[in-house]
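Engineer: predicted model, plus sequence, below.
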Amino acid sequence: MILPSIFDLCRPRADVASGAITESDYAANLANVLSGRASHEYTDAPTFFTNSYPTQGLKELLVNVCGRLSGRGDSVSAVFRLDTSFGGGKTHGLIALLHAAAGMKGVSNISEFLDPVLVPTQFVRVAAFDGENADPANGRPMGDGIRAYTPWGEIAYQLAGKAGYEVVRRSDEQRIAPGVDTIKELFGSDPVLVVLDELGEYLRRVQGMGGRDQLTAFLKALLTAIESTPQAAIVYTLAVRSDGKGIDAFAEENEFLSGAMSELESVSGRKATNLNPTKDDETAKVIRRRLFASIDDSRAAEVINAYRELWTNHRDALSEEARRSTTSAEFAHTYPFHPDVLDTLTGKTATLGGFQRVRGMLRILAKSVAAAWKNRPADASAIHLHHIDLGSDTIRREFTTRLQQSAFDSAILNDIAGPKDKPALAQELDAKHFRGLLPYGTYVARAIFIHTLAFNNDLKGLSADHLRYSVLSPTADLSFIDDAKTRFRAESAYLDDRPTAPLRFNAEANLTQVIGREEKNIDPGEARTQLADRIKSIFGGQSFDLVPFPGGPWDVPDDVSDGKPRLVLLSHDALEIGADLRDIPDIVARMFERKGADGSGLRALRNNLVFVVADETKVNEMKRAIVRRLALQELKRPERVKELAEHQQAKVFELEKKSETEAAIAIQQCYRHILYPSRNALGGAGSVQLAHSVIDIQNASERPGSGQLQIVRQLQSQNKLRDASDAPDSPSYIRDRTPLKKGQMTTRDLRDEFRRDPSLSILLSDDVFRKAIRRGIEESVYVYKRGDLLAGPGDPMPSINIDEETTIFTMDFAKSKGVWPRPAATPPAQPASAATLGSISSEPLPPIGVGTGMSEGPSEGLSNTPAANAKTFTAEGVLKEALRKVFEQAKAAKLDKVDRVAVRLFEYGDAFKLIPIANSIAGTKRGVKLEGSFITTQDSEMQFEFNGTAHDASTMKEYLEPQFRAAKETDLKTAISFDFDGGLALDGDAADRFVEKLTRFASAAAYVEATAEVK
């Protein structure tokens, strides 16, 4: 069911909807009504009463006073006192009295306000004195060339014209109050109504002129005259509280008048009837009547029920107001205004000096209603605080100018509503994060701002749960409200940034603004240098040899160097590209194809280069991130940080620490374009053999500071790059794509082909190349030869050397040249005993299960001698596959357990990964056998043998691993055994758990020979 909006249920008055209400329409002026200079809404009785809500106080005022004037009422008092605060409806009530005294001619809704029989039918003499318009020094022009200087002068002329003024002329000119009889002479025989408004302001004007005593004397005489005249009444206003304390700018004068009137009433023995034209709980009704021609309250119940359900469903996330049972009833009285609108304006805004409660709210809300009907917001099930558009000059000035809150101008323009050419933060958030949704950023900012405007500090601002209550509607989503609040709070330049402060604005800039000013002081040259250094640091690493910011081909070497492929990092000042790149940039093409000091030579190792280029849309963000980091580092200095408030100091340290990561993320999100060698060139056949790939923003943000890692992952996803854990290319593909298809190549030359040919993979490690050779041997594609060592399918796998002395033959070529198969071998000699093992053999380790002279020591040593009558199962392949194969063989042999598992590894990298994992597997005796050698870059040679526990082998591995990495040549034969007390059961999941533990963190792709033994 579609919920009706305010546009379906409400019809604003024509002058409200059109925005035609003028300033005078809001500010009722008694003197202007009397003189006929007020607007039609006040001078025309039918219009006035149509726009007026019959509050209880207004009805009491009209009933009592009109009953006295007509002589048909029950009123026993002739004196009526209105005690109200600014904007409480007192002037409105006095104007209603003037129209009632004139007979309410043409008014169709008299009965809403009083019994029509009480309306005076006789002519009523009316005199009204408005202290706001008095001119005691120069006199106020009354007509007939007369100027009145005192209240009695003005009243005399209004009651009896020029003749009446002549009666009191001397009293007026000499500022001496007339007596009772003189005043009664002005009344004649007609009913009389005297209205006194703003007497406190008049007293301020005659200060020092003796006016206070004369006014008191006049009031005493006037009250006496009124009380002794049957159909006479006087109504006066005082801006005081119930305790007699003044509440406006003329508090002292009003307090004096309150005391004087009380004394006069006491002397006369007759008390004035105190009335309040508008009570607080009637304010909403007054506003609804004035602003709307009609409201469908019956269908509005449907909307209120929808809000009630929202408040109930989200009660734990909302403020107390949403949980009160009375809030829905309050909403029924305030609709179409959300309860928080009137609560905030009356409870907070009204505490500011100069805000007249009803009048001030009418001004703000009338303009907001006009804006809502013009803009038709999508969430207008009701009018919320956030529909008060601070982007409207007329609405904004109601707060900044009229309420003297212009100190917040900068906050509004910077954070809430800026000009079209310079949008504010909230508008930027809406465009960036909430496009196509409600403008949550603007809504949050507006609500916070209006809650900020209060006199008392404790009233300023609101909590996060109250913000949700204020903004939530059937069309709004809580998660977006929270998201907007979080983003706005993080970036606002004027929100109070103290940790315990509520959501509220400050007139002065917060830490965000302080940081912004510091950013402007950062030297551009320093920022450029720091950014360049940080970029180089992030894209340095172990996978690639970094070539940072080259100027041309001459800066990019064309040699093997340490064997790593090269990562060419283009300066963002030299080149930035977009996601829709169609051709390889010239600067990249020259570096890829040329080399040498003048760029004239042709590059050989083209498959050895990867280019990383900046994103044109992210360069500025990257620069801002480094500038922000430098600004925070500056503010963190001891002599600077002490200039900040204590809570800001802690925030600076926190932000400075985070800025390192934020800068790294910004750099990686900028440098996310990869150009890599490929036959599938960007421009098609005949183009520069480079393809284009873009790292996803989310992936670019992972592992800040590890730029090479993201490039490795991206190239792996493109099936272009291989590291030690990856499966190698197909041996047949390698054979057919390289000169090996002619029959033979040295391993070094074949390895170099991977650096030359863009159709091949980029190899980060020689280990994956060795895997490819081993796989080719196993699949009968290659034959391996080094010196007298010849290896083909079915042979024990040799250690693969990469040098000029080692040759790879294609199987067809080897057969055609008589290299393979080899001549029949002579029977092998018997294995040597333990006592005969004297030196490390250059031959491969014999298969596990064949005696090697390794005897079991007192602890977890490695024994390769099978027990008598032992059954042995062997398989080769990647680690996980080989282990599962031997277990399957044992199960096929109807065995329920194995006693021993051994693994033989062929690459030192795989061995060094697996040894620590083996050491961590509990419930088994773990042994390791190592035989190896390496030659250093200085041609020093080391040979070693180790036979012992996995724990000790882990210690040895810590020493050996860096030596092997740095070595020029290496050779390592490794065997690891696991002996299970009571055996490893095959019928449950124990074997699977063993495999999972062993392969989870080790290299699951390691090529091994695995043996399971049952004693």
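Structural biologist: Sure, I can see it. Residues are numbered from 1 along each chain as shown.
Engineer: skip ahead from the least confident helix or strand in the chain by mean pLDDT and say which helix or strand is next.
Structural biologist: Counting by mean pLDDT, DSSP states H and E, the weakest-scoring helix or strand in the chain turns out to be helix 23-26, with a mean of 55. For helix 23-26, the following helix or strand on the C-terminal side (DSSP states H and E) is helix 30-35.
Engineer: that following helix - contacts with which helices or strands?
Structural biologist: Packed against helix 30-35, as judged by 3 or more C-beta pairs under 8 Å, 6 or more residues apart in numbering; DSSP states H and E, are the following elements: helix 40-43, helix 90-101, strand 125-130. To be clear about C-beta, it is placed using only N, CA and C from the backbone, and glycine gets the same treatment.
Engineer: which one of the ones you listed is the most hemmed in?
Structural biologist: Among these, helix 90-101 has the highest mean neighbour count (mean count of other C-beta atoms under 10 Å), at a mean of 25.
Engineer: now do that one: distance to the chain's middle.
Structural biologist: Helix 90-101 has its average C-alpha position 53 Å from the chain's average C-alpha position, going by C-alpha atoms, centre = their mean, to the nearest Å.
Engineer: report all helices and strands that it contacts.
Structural biologist: Here helix 90-101 is seen to pack against helix 30-35, helix 45-51, helix 56-70, strand 79-83, strand 125-130, strand 192-197, strand 232-238 when contacts are counted using 3+ C-beta pairs under 8 Å, 6+ apart.
Engineer: mind redoing it with 6 Å?
Structural biologist: Helix 90-101 makes packing contacts with helix 30-35, helix 56-70, strand 192-197 when contacts are defined by 3 or more C-beta pairs under 6 Å, 6 or more residues apart in numbering; DSSP states H and E.
Engineer: picking up where we left off before, out of the helices and strands packed on helix 30-35, nearest to Pro731?
Structural biologist: Ranking those by distance to Pro731, with C-beta to C-beta as the measure, places helix 40-43 first at 95.2 Å.
Engineer: contact partners for Arg468?
Structural biologist: By C-beta atoms under 6 Å, 6 or more residues apart in numbering, the contact list for Arg468 reads 317-318, 478, 481.
Engineer: how about a markdown table for those, with neighbour count, secondary structure and distance to Val768 added?
Structural biologist: Conversion of the contacts of Arg468 to a markdown table gives the following (neighbours: other C-beta atoms under 10 Å; DSSP: H, G, I helix; E, B strand; the rest coil; distance: C-beta to C-beta, whole Å):
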| residue | neighbour count | secondary structure | distance to Val768 |
| --- | --- | --- | --- |
| Ala317 | 15 | helix | 54 |
| Leu318 | 22 | coil | 59 |
| Leu478 | 15 | helix | 51 |
| Ile481 | 24 | helix | 52 |
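Engineer: burial count for the residue nearest to Asp343 when sequence neighbours are not counted?
Structural biologist: Using C-beta to C-beta, 6 or more residues apart in numbering and skipping the chain neighbours, the partner closest in space to Asp343 is Glu321 (7.6 Å). For Glu321, the neighbour count with other C-beta atoms under 10 Å is 17.
Engineer: ok, Glu321 touching Thr327?
Structural biologist: Yes. With contacts defined as C-beta atoms under 6 Å, Glu321 counts as touching Thr327 at a distance of 5.5 Å.
Engineer: can I assume Ile976 sits in a strand?
Structural biologist: Yes. Looking at Ile976 with DSSP: H, G, I helix; E, B strand; the rest coil, it is inside a strand.
Engineer: look up the residues forming beta bridges with it.
Structural biologist: On DSSP bridges, the residues paired with Ile976 through beta bridges are Val903, Val928.
Engineer: residues contacting it?
Structural biologist: With contact taken as C-beta under 6 Å, 6+ apart, Ile976 is in contact with 903, 918, 928.
Engineer: let's see if you can find the most crowded of those residues.
Structural biologist: Val928 (27 neighbours).
Engineer: that one touches His951, doesn't it?
Structural biologist: No. Assessed by C-beta under 6 Å, Val928 is found out of contact with His951, at 9.2 Å.
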